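K.L.:
turn this into a model:
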Amino acid sequence: MNLQPDHDLEFDFDEMILKQGELISDKLNMLRFEQYPPDATKGLRQFTLAEVAEYLGVTQNHIKKLHLEGKGPIPATTPSGRRTYTADQMLELRQYLDKHGRADFKRYVPYRRAGEPMQVLAVVNFKGGSGKTTTAAHLAQYLALTGHRVLAIDLDPQASLSALHGIQPELDKNPSLYEALRYDGERKPISEIIQQTNFPGLDIVPANLELQEYEYETPLAASNKNSPEGRMFFTRITTALREVDDRYDVVVIDCPPQLGYLTLTALTASTSVLITVHPQMLDIMSMSQFLLMLGSILQSIKAAGAAVKLKWFRYLVTRYEPTDGPQAQMVGFMQAMFARHLLTNHMLKSTAISDAGITKQSLYEVEKSQFIRTTYERAMESLNAVNSEITGLIHKAWGRR
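P.N.:
Alright, predicted model coming up:
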């Protein structure tokens with residue numbers, strides 16, 4: 001056996017990873033330019049009559065009748081009579097229904113009402129690969145499609161949520177939430193960082209590697225006796241969001257896969273928490289350690305003045321394969337322990353979702369024709385069931401039925 005050191009591994013590691021990082025970035029840039037020219041913005045497909053009816057909560061016949069009577073937006077119509085609507089038209093139709101519907105019936109525009117506070121939902125997990133970002137992206141988009149005003153915050157320096165919305169931080173040079181959290185005189189209001197997405201009603205605060213600076217600066221600021229801001233670091237996202245409180249109904253925060261200052265600051269700003277978990281033994285063991293550490297740290301910052309006031313929290317089983325015996329056993333294990341706090345619906349593992357992600361798209365963006373029909377419909381049914389259940393919890397927190 002050759003025990004001599006491998007001299008190929010003795011060159012400067014920092015230079016190697018910088019070169020490889022640049023190579024990957026260049027390749028991603030080429031792929032991105034193939035899909036989206038430099039001066040292009042991310043578009044959004046049209047939605048079928050069936051989809052529009054589901055998101056609005058009405059029957060297809062009701063929408064057809066409105067069109068035939070010349071009411072509401074005019075859809076695109078094929079020679080065979082197939083109707084499709086843009087997302088903007090769907091929002092216009094929602095406004096029309098809300099204005100002209102029966103006063104004693106349902107409201108089609110679910111905006112916050114007087115006395116209903118903005119809901120801030122943190123999506124967290126200590127371990128990567130749990131479907132956290134996929135969950136956050138699809139939830140934010142579903143809330144927008146169902147008429148809510150949504151702000152998505154990418155708090156993960158890896159910026160996967162940003163990438164899904166057509167933003168590549170190393171190329172676009174967009175500011176991140178760090179600009180609204182930093183401790184020096186360069187801090188900016190969050191309104192200067194927010195960007196629109198291709199989904200009407202959904203804005204985003206993108207991420208970049210600079211977010212990591214918050215992890216380094218916070219302990220220094222907290223140890224400075226002359227810095228009250230540092231000792232109260234956990235209020236910084238709450239404070240930043242006050243500026244845009246009247247603009248949004250729901251804020252969805254995609255937290256980094258680590259228990260650092262960014263995650264803690266997000267949790268103390270949150271009214272609800274969603275913990276994603278892949279139903280395998282190692283993942284559940286990892287989640288156990290995450291919960292123990294999280295509870296201990298939250299107790300410490302609570303003693304320092306932090307107030308974590310959650311309306312609800314839930315575990316969401318992700319990437320679930322019902323035919324996998326051990327996974328089904330793990331889900332049963334969780335149901336026995338956390339029956340009250342486990343979402344009834346699970347996010348199924350689907351090639352449709354992963355294949356859409358390859359082209360930096362969500363399942364709500366891709367065309368159904370790109371997939372086997374049953375694969376697409378199974379994935380969409382799972383997504384909508386999960387997101388509808390979460391939306392119900394948000395409305396319940398407002399005191400709605």
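K.L.:
show me where the stretch 1-150 of the chain has helices.
P.N.:
13-35, 49-56, 60-68, 87-100, 132-145 (DSSP state H, counting those that start in this stretch).
K.L.:
now do the buried residues in the strand or helix carrying residue 376.
P.N.:
Element membership for residue 376, per DSSP states H and E: helix 373-397. By neighbour count with 16 or more other Cβ atoms under 10 Å, helix 373-397 contains the buried residues 376, 379-380, 382-387, 390-391, 393-394, 397. Using the backbone N, CA and C atoms, a C-beta is placed for each residue, glycine as well.
K.L.:
JSON lines for the residues you listed, including pLDDT and distance to residue 212?
P.N.:
Shown next, in JSON lines, are the buried residues of helix 373-397 (pLDDT from 0 to 100; distance: Cβ to Cβ, whole Å):
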{"residue": "376", "pLDDT": "93", "distance to residue 212": "37"}
{"residue": "379", "pLDDT": "93", "distance to residue 212": "33"}
{"residue": "380", "pLDDT": "96", "distance to residue 212": "35"}
{"residue": "382", "pLDDT": "96", "distance to residue 212": "34"}
{"residue": "383", "pLDDT": "96", "distance to residue 212": "31"}
{"residue": "384", "pLDDT": "97", "distance to residue 212": "35"}
{"residue": "385", "pLDDT": "97", "distance to residue 212": "36"}
{"residue": "386", "pLDDT": "98", "distance to residue 212": "30"}
{"residue": "387", "pLDDT": "98", "distance to residue 212": "30"}
{"residue": "390", "pLDDT": "98", "distance to residue 212": "29"}
{"residue": "391", "pLDDT": "98", "distance to residue 212": "32"}
{"residue": "393", "pLDDT": "96", "distance to residue 212": "32"}
{"residue": "394", "pLDDT": "97", "distance to residue 212": "30"}
{"residue": "397", "pLDDT": "95", "distance to residue 212": "32"}
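K.L.:
of all those residues, which two lie farthest apart?
P.N.:
376 and 397 (31.7 Å; Cβ to Cβ).
K.L.:
strands of this structure, start to end?
P.N.:
47-48, 76-77, 83-85, 119-124, 150-154, 195-196, 202-205, 250-254, 272-277, 312-317 (DSSP state E).
K.L.:
got TSV for the ones you listed, with mean neighbour count, distance to residue 94 and mean pLDDT too?
P.N.:
Rendered in TSV, the data for the strands of the chain read as follows (neighbours: other Cβ atoms under 10 Å; distance: least, Cβ to Cβ, whole Å; pLDDT from 0 to 100):
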stretch	mean neighbour count	distance to residue 94	mean pLDDT
strand 47-48	18	12	96
strand 76-77	11	18	94
strand 83-85	20	11	95
strand 119-124	26	19	96
strand 150-154	27	14	98
strand 195-196	14	19	96
strand 202-205	25	14	98
strand 250-254	28	16	98
strand 272-277	24	24	92
strand 312-317	20	26	91
